[in-house]
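> Need coordinates for the following:
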Amino acid sequence: MAGCCHDDHCASTPPANASAWRTALWIALGINATMFLAEIVAGLAAGSASLQADALDFLGDAANYAISLAVAGLAQTWRARAALAKGVTLIVLALWVIASTAWHAWFRTLPEAEVMSAVAGAAIVANGIVALMLYRFRTGDANMRSVWICSRNDVIGNLAVLVAAAGVFGTGTGWPDIVVASIMALLGLDGGRTIVQHALEELRTNRRTGIVLAAVQRDGF
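Numbering: from 1, shown residues only. From the prediction side, this is the model:
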């Protein structure tokens, strides 16, 4: 689910081959941002809560890549603030998906299984391209490994949407879509909570470190 890179690994200092790494991140960012927009629009048009939930996955990854590109090399405090903003955003969007899922469950809407299958298939291709592109960095530093693992694991969410589409088609009801969307939204909510928790811990640690350093400098030690 979105936000699988919960720690500062997603915003660590760029590796020695920064040029190739940054190029890969820019391409991955573009693919994930595009697929987020495609899935959220398709999810709304098809009445699929699971597509909307899966869109969070692409948004979370796009945010991870953007943070790695934007704040790499900056002070840890700025990286923590960026992570905090990302975590809060994921929580808000996860709550929105939960509300949308509840709405679909209440009115017993029937999503379009064909659209769900087509978009989920495109999402698998997109995540496969990103995972293959980042495969060369899988044995690099923690940042490289975590980003590649996140991209690899995203295929699971796409497969879940395909299962939901098959369930909708087979049963003629929207409940498979509701179940899958609920699970993915709750995972997104937990991921956002974890990101916020870690970011706040880092900010508190940095604040305490700053106070200690200021005291040492003031007292001339």
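
> Point out where this structure drops to low pLDDT.
1-17, 71-75, 140-150, 152-153, 210-221 (pLDDT under 70).

> And the strands in the chain?
Counting by DSSP state E, no segments of the chain form strands.

> just checking, what packs against the top helix by length along it?
If you go by DSSP state H, the chain has its longest helix at helix 175-219. Under the contact definition 3 or more Cβ pairs under 8 Å, 6 or more residues apart in numbering; DSSP states H and E, helix 175-219 sits against helix 49-71, helix 76-107, helix 142-171. Bear in mind the C-beta positions are built from the backbone N, C-alpha and C, glycine included.

> Most tightly packed of those helices?
helix 49-71 (a mean of 26; mean count of other Cβ atoms under 10 Å).

> How far away from the center of its chain is it?
Taking Cα atoms, centre = their mean, to the nearest Å, the mean C-alpha location of helix 49-71 is offset from the chain mean by 4 Å.

> Can you tell me how far the residue nearest the centre of the chain is from residue 160?
By Cα atoms, centre = their mean, the chain has its centre lying nearest to residue 60, at 2.1 Å. Residue 60 is 15 Å from residue 160, where distance means Cβ to Cβ, to the nearest Å.

> related to what we said a few turns ago, now the angle from the longest helix of the chain to helix 76-107?
Relative orientation of helix 175-219 versus helix 76-107 (axes from the mean of the first three to the mean of the last three Cα atoms, to 10 degrees): 160 degrees.

> Which residues outside stretch 85-92 are in contact with it?
Residues outside stretch 85-92 that contact it (Cβ atoms under 8 Å, 6 or more residues apart in numbering): 2-3, 56, 59-60, 63-64, 67, 188-189, 191-196, 199.

> and if we set it to 6 Å?
3, 60, 63, 188, 192, 195, 196 (Cβ atoms under 6 Å, 6 or more residues apart in numbering).

> Now render those as TSV, adding distance to residue 84.
Below are the contacts of stretch 85-92 laid out as TSV (distance: Cβ to Cβ, whole Å):
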residue	distance to residue 84
3	13
60	14
63	12
188	16
192	10
195	8
196	6
